[in-house]
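# need a 3D model of the sequence below.
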Amino acid sequence: MAETKIENQHQTVSLLLNDFEEKASDWLWETNKKGHLRHLSQKLIEATDTDADRLLTLTYIDIIESLLATNETNSATQFKKMTRALTTNSDVSSIVIPVNLGHETRWWSFSAKILLDKDKKFNGLRGVTSDITSVVLREREMIKQANTDTLTKIGNRHFFNEQLLLLCSESVNHHSPCALMLLDLDNFKMINDAFGHAAGDGLLVEASKRLKENTPQGAILARLGGDEFAIIVPNASGQSIMRALSEKIKYTISEPWHYGENQIEIRTSIGIAFTNQNIGSIETLLRASDLALYAAKEAGRDAICFFDPAMEETANHKSQVLSEMRKSISDNEFVLHYQPQLDLITGKLIGFEALVRWQHPKRGLITPIHFISIAEESGLIIPLGIWVLEQACFEAKKWPSDLYVAVNVSYIQIERTDFLAEVKSVLHNTQLPPHRLEIEITESVLMTDQTPAFQFLMGLKEMGVKIALDDFGTGFSSLSYLQNLPLDKIKIDQSFINLSDTDDKTCAIIRSITQLADALELETIAEGIEREGQYKLLSDLGVKSGQGYLYARPMQVDDLPFFIESKRKLP
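Numbers count the residues shown, from 1 in each chain. Just a heads-up that it's a prediction; the model follows:
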């Protein structure tokens, strides 16, 4: 009766196991002491496409090895792990091995416990194999999405960070330099604003495609965000190789790109740093490459720069200046000096240009050349610019009513704020008549996005504020602006005035400018007049007004009443 009962239990278990294997993606297996299967699953027979009798002559590990997908990453490592467990009579816990079944790769997960006989000695293994292909593929897809830029389909910042950590660690361990190249598309915002975001996205896709075609084998390409890309080059052999690669990339990127009927030219700035430049961490490598990229942009864009330790010193200096400047704005340590502007024919005083100075508590009076660019980069030019405008208008209100004040405005102020509203507010609060305020702009205002700049200038014109184009003659598109912009005056750059008084070419340029200004009914003013000969020459060439050390240096506000009074007494 006992034997019958046991036999019935065995049959029941077999039926349940067969039913389980038919309906599930898993199958049970059991090996003897020598590793041969005691039970053959139909799924295993079908998967191996091998005769059942032959399978029984093989060990389970031999069967798995015959199916092993050797082209998959970590397949050899996982197989060794499985082999070690089976040959050392150890439990198996969720070891995943890729196998080739026909023309398809699938993933099997193995788990098993050891079997002991009545004497507590090893008697084989009993376990379960699960087909987890769908799980693996789903995880791979999730990892791919997490590491892929959705627009360009190349690696994203997350992928870049992981690969940089991996490759740089290998570089340090094997004493082979790794290069990090950061790339930025020049004037991308201009293109994006001019043609729309669809064009901007198309441009990024095209740029990534060109970069991918030129990325060396084994190197890693990623988009870090916006129009910034990165290439990690392992085993970089030196600057000459990296420069050649950079030049090749620059050339490929610069080939015209067609968007609809428009032909768009792309340029790129590139910064490069190496792990063997006494760079001790990923963070410092990134900073070094970023400093090199910044240097490439400052060099006029469309340039290649390699990191130099001096760049770090410059960056630290800028950081210190920025910190001090932020405190100085709140502590009212900035002052305005005023340089007179006079009519060249009559010698009459017509106004003053307001020039900001930094009264540093330790370094004394600092001129704008040492801090304005830093203020623009950081955005501090916005609160500083508002203060300058308010202070200049407040002081101008005290002058005779026929004198105006000229105030310089940065493109950052127009681009990032409603500066037109600020001008209206300041004029209202100071009660300065609009025609006594002159706003000076440079071509940089027009080289970013012309639409808000044009609206700003038209708004000033409607208010009655005068507009002067500063540094005229130093840009590339000045002549085209003159016809379309609501300007009142052009300011001839000092670089022309500083040339020899008898320089025929200089005279021809200045004469052309004055004739063009007359035709467009614009005033002209020359800056940097320092000698009597310059004054006479400019007057003869038709320049209407001027300023410079010949007349007066920029002066403090307390000296203005005396200077104004002295000019009033002149015949």
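# now do the closest residue to Val92 other than its chain neighbours against Asn316, distance only.
Beyond its immediate neighbours in the sequence, the residue positioned closest to Val92 (Cβ to Cβ, 6 or more residues apart in numbering) is Ala112, lying 4.1 Å away. No exception for glycine: its C-beta is placed from N, CA and C like everyone else's. When distance is defined by Cβ to Cβ, to the nearest Å, Ala112 is 61 Å away from Asn316.
# looking at the two, which is more packed in?
The residue with more neighbours, out of Ala112 and Asn316, is Ala112; 24 against 10, by other Cβ atoms under 10 Å.
# now name the helix or strand holding that one.
strand 104-116 (DSSP states H and E).
# buried set for that strand?
Along strand 104-116, these residues count as buried under the neighbour rule (16 or more other Cβ atoms under 10 Å): Thr105, Arg106, Trp107, Trp108, Ser109, Phe110, Ala112, Ile114, Leu115.
# one more: stretch 373-391?
374-376, 378, 380-382, 384-386, 388-391.
# out of these, what pair is the most spread apart?
Farthest apart among the buried residues of stretch 373-391 by Cβ to Cβ are Ile374 and Glu390. That separation is 21.7 Å.
# bridging residues for the residue nearest to Val92?
When assigned by DSSP bridges, Ala112 has beta-bridge partners Val92, Gly127.
# that one contacts Val128, correct?
Yes - here Ala112 reaches Val128: they are 7.4 Å apart, a contact under Cβ atoms under 8 Å.
# which neighbours do those two have in common?
Taking Cβ atoms under 8 Å, 6 or more residues apart in numbering as the contact rule, Ala112 and Val128 both touch Trp29.
# related to what we said a few turns ago, list every C-alpha atom in the strand holding Ala112, with coordinates, as CSV.
As requested, the backbone C-alpha atoms of strand 104-116 are provided in CSV (Å, rounded to 0.1, in the frame of the first residue of the first chain):
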residue,chain,number,x,y,z
GLU,A,104,17.7,34.3,-32.5
THR,A,105,19.4,35.2,-29.2
ARG,A,106,17.5,34.5,-26.0
TRP,A,107,18.4,34.9,-22.4
TRP,A,108,18.0,32.1,-19.8
SER,A,109,18.2,32.5,-16.1
PHE,A,110,19.4,29.5,-14.0
SER,A,111,18.7,28.9,-10.3
ALA,A,112,19.3,25.6,-8.4
LYS,A,113,19.8,24.0,-5.1
ILE,A,114,22.1,21.0,-4.3
LEU,A,115,20.6,17.6,-3.6
LEU,A,116,21.9,15.4,-0.8
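# for the record, mean pLDDT for it?
Averaging pLDDT along strand 104-116 yields 91.
# stretch 248-261 too?
Here stretch 248-261 scores 90 as its mean pLDDT.
# also stretch 431-449?
Averaged over stretch 431-449, pLDDT sits at 83.
# give me the beta-bridge partners of the residue nearest the centre of the chain?
Centroid check for the chain by Cα atoms, centre = their mean gives Glu228 as the closest residue, at 4.1 Å. Residues found in beta-bridge contact with Glu228 (criterion: DSSP bridges) are Asp184, Gly225.
# Glu353 is in what secondary structure piece?
Element membership for Glu353 (DSSP H and E) is strand 349-360.
# sheet partners, orientation included, of that strand?
Sheet pairing here is set by DSSP bridges, and for strand 349-360 it gives strand 334-343 (antiparallel), strand 364-366 (antiparallel), strand 404-408 (parallel).
# by mean pLDDT, show me the worst of those strands.
If you rank those by mean pLDDT, strand 364-366 sits at the bottom with a mean of 91.
# and it, what's buried?
Neighbour-count burial for strand 364-366 [16+ other Cβ under 10 Å]: Ile366.
# what residues does that strand touch?
Identification of contacts with strand 364-366 by Cβ under 8 Å, 6+ apart yields Arg357, Trp358, Gln359, His360.
# out of these, which are buried?
If you count burial by 16+ other Cβ under 10 Å, the buried members of the contacts of strand 364-366 come out as Arg357, Trp358, His360.
# same list, the residues you listed, but as a markdown table with distance to Tyr251 and pLDDT please.
Below are the buried ones among the contacts of strand 364-366 laid out as a markdown table (distance: Cβ to Cβ, whole Å; pLDDT from 0 to 100):
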| residue | distance to Tyr251 | pLDDT |
| --- | --- | --- |
| Arg357 | 45 | 96 |
| Trp358 | 43 | 94 |
| His360 | 46 | 91 |
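# closest one of those to Ala146?
Here the nearest of those to Ala146, counting by Cβ to Cβ, is Trp358; it sits at 47.6 Å.
# where does this protein have low pLDDT?
For the chain, the stretches flagged by pLDDT under 70 are 2, 4-25, 170-175, 278-280, 446-451, 473-481, 498-502, 569-571.
# try it again at 50.
Low-confidence segments of the chain, defined by pLDDT under 50: 13, 15-16, 477.
# domain parsing for it?
Per automatic domain parsing, the structural domains of the chain span 2-139, 149-307, 325-568.
# what's the neighbour count on Phe472?
Other residues lying near Phe472 total 27 when counted by other Cβ under 10 Å.
# let me redo that: Leu349
Leu349 has 22 nearby residues by other Cβ under 10 Å.
# isn't it up against Leu560?
No - checked against Cβ under 8 Å, the pair Leu349 and Leu560 is beyond contact range at 10.5 Å.
# just the helices in the stretch 201-350 of the chain please.
With DSSP state H, counting those that start in this stretch as the criterion, the stretch 201-350 of the chain has helices at 239-254, 282-298, 309-330.
# which one of the buried residues of stretch 373-391 is nearest Ser90?
Lowest distance from Ser90 to these (Cβ to Cβ) belongs to Ser378, with 61.9 Å.
# in this structure the closest one contacts Leu322, no?
Yes - distance between Ser378 and Leu322: 5.3 Å, which falls inside the contact criterion (Cβ under 8 Å).
# how far away is Ala244 from Glu390?
Counting by Cβ to Cβ, the gap between Ala244 and Glu390 amounts to 54 Å.
# can you check Gly546 too?
Gly546 sits 27 Å away from Glu390 when distances are taken as Cβ to Cβ.
# can you get me a residue count around His337?
19.
# in the sheet, which residues pair with it? Tell me.
Beta-bridge partners for His337, by DSSP bridges, are Leu355, Gln556.
# surely it meets Met555?
Yes - at 6.0 Å, His337 counts as touching Met555 under the criterion of Cβ under 8 Å.
# measure stretch 542-555 end to end?
Its start and end residues considered, stretch 542-555 measures 28 Å (Cα to Cα, to the nearest Å).
# quick one: the helices in the stretch 1-150 of the chain, in order.
Using DSSP H, counting those that start in this stretch, helices in the stretch 1-150 of the chain cover 2-23, 42-48, 52-57, 60-67, 75-87, 133-147.
# list the buried residues in the fifth one.
Residues of helix 75-87 classed as buried under the neighbour-count rule (16+ other Cβ under 10 Å) are Ser75, Gln78, Phe79, Lys81, Met82, Ala85, Leu86.
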